[in-house]
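Colleague: okay, sequence plus prediction incoming.
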Amino acid sequence: MRILLLVFAILYSALGEAQVIHSKQIYLWDVTLSMKQNVIWDQVKEQMVASLTEVKDLDTEVIVVPFQDDVYEERRVTVGDAAGMADLVHWIEDYDVPMPKGGHGTNICRALERAEDFVIKENIDCVFLMTDGTHEPKRADMAQHYPEGCLTEYLQDRWCTFATELDAYLVYYHLLGNADPDIQRVTEETCRAMGMAPGDGTPDRLYYISPQVQVIARDEAFISSPTFSVPVTTSLPSALYDNCTFSGTLEGAGYTAPLGITFNGTSLECSLDASAAAKLDRTFPASVEEVTYELEVKLAMEPLEEAMVALTADRIPFQFHHFEERWFDIKLVEE
């Protein structure tokens, strides 16, 4: 059994200024007694510590949230804080199953609700849900507030919209491979979510494709040859390049046209068809004045079955300079 590892920092240039998008790793850690009874308690701890110590990006923030019927106080630290990381490792190693009076259950819905508090759009956040069971709160107040069926409802109706808006991902790790079939199905059908079990052969990381966000400038020659490239960096294995399907549009000031896009691992090769180029010519006519039309390239990527892939930027500024050539006749007049 392996705990998932998300390790990446994404560098790109935005309008000429270097920016960095970092990842945030949020571990929702089931600390119910069954984790010990199923003899995976120590193993999960060891694998979690191993994953944390392999993170290379010093700006990555790690958050560990233990949960039972409710969430317990989380620990959060930035990887570059060596003392803080050492404290986190010791905390995980020394952590014991809380034994509240009256027993406890497993409240996955509450854990996911808490994870949302840490997700922000500026990062690419991945939530790792690690549990050996299903949603089954025991405390009466929690069972009433988070009833049976809330997890299915959350995955179907909440997660996709939330995750797409804030650029987040969910990995639901079934530590015993005993996921409820309905939950497993819903997880696989939900965007930006993946269900995993020990030994299922599913890829063990979130990959990225990072378009370079810088102004693409074209002049009137673009009308006759309407193509351009968007440089990218990626952690995706080359064997998966051909499986990537992109779509996009060129938009601005009432103009919208679809783009043909192919991906080769180092760039997105984009093109307009002849009719879209002609429409661009009509919508933004040539001028003898120095006029620049501001447009935008919008990108989207179809989900892969083989892996989760984060597209780190989906909007690229595009400038169209459409100048009309001016000709002057010079006459020599003899006196």
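Modeller: Here it is on my side, so go on. Treat the numbers as computed from the prediction; the structure is a model and nothing was measured. Residues are numbered from 1 along each chain as shown.
Colleague: I figured residue 107 hits residue 137, correct?
Modeller: Yes: the pair residue 107 / residue 137 is scored as a contact, 4.1 Å apart, by C-beta atoms under 8 Å. Every C-beta, even on glycine, is put in place using the N, C-alpha and C of the backbone.
Colleague: where does residue 283 fall, phi/psi-wise?
Modeller: As for residue 283, its main-chain torsions (degrees, to the nearest 10) stand at phi -70, psi -40.
Colleague: state the number of residues packed around the closest residue to residue 314 other than its chain neighbours.
Modeller: Spatial nearest neighbour of residue 314, excluding adjacent residues (C-beta to C-beta, 6 or more residues apart in numbering): residue 299 at 4.7 Å. If you count neighbours by other C-beta atoms under 10 Å, residue 299 ends up with 20.
Colleague: the strand or helix carrying residue 299 pairs with which strands?
Modeller: Using DSSP states H and E, the element containing residue 299 is strand 292-301. Strand 292-301 has its sheet partners listed here by DSSP bridges as strand 246-252 (antiparallel), strand 315-321 (antiparallel).
Colleague: re earlier: who's the residue nearest to residue 314 bridged to?
Modeller: The partner residues for residue 299, given DSSP bridges, come to residue 248.
Colleague: can you pull the contacts of it?
Modeller: In this structure, residue 299 makes contact with 211, 230, 246, 247, 248, 261, 268, 311, 313, 314, 315, 316, judged by C-beta atoms under 8 Å, 6 or more residues apart in numbering.
Colleague: who touches the fifth one in this structure?
Modeller: Spelled out, that is residue 248. With contacts defined as C-beta under 8 Å, 6+ apart, residue 248 is in contact with 258, 259, 261, 268, 270, 297, 298, 299, 300.
Colleague: switch these over to JSON lines; also include pLDDT and distance to residue 156.
Modeller: Shown next, in JSON lines, are the contacts of residue 248 (pLDDT from 0 to 100; distance: C-beta to C-beta, whole Å):
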{"residue": "258", "pLDDT": "96", "distance to residue 156": "30"}
{"residue": "259", "pLDDT": "96", "distance to residue 156": "32"}
{"residue": "261", "pLDDT": "97", "distance to residue 156": "30"}
{"residue": "268", "pLDDT": "95", "distance to residue 156": "32"}
{"residue": "270", "pLDDT": "96", "distance to residue 156": "34"}
{"residue": "297", "pLDDT": "95", "distance to residue 156": "32"}
{"residue": "298", "pLDDT": "93", "distance to residue 156": "27"}
{"residue": "299", "pLDDT": "92", "distance to residue 156": "27"}
{"residue": "300", "pLDDT": "89", "distance to residue 156": "22"}
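Colleague: quick check, nearest of those residues to residue 152?
Modeller: Closest approach between these and residue 152, by C-beta to C-beta: residue 300, at 26.9 Å.
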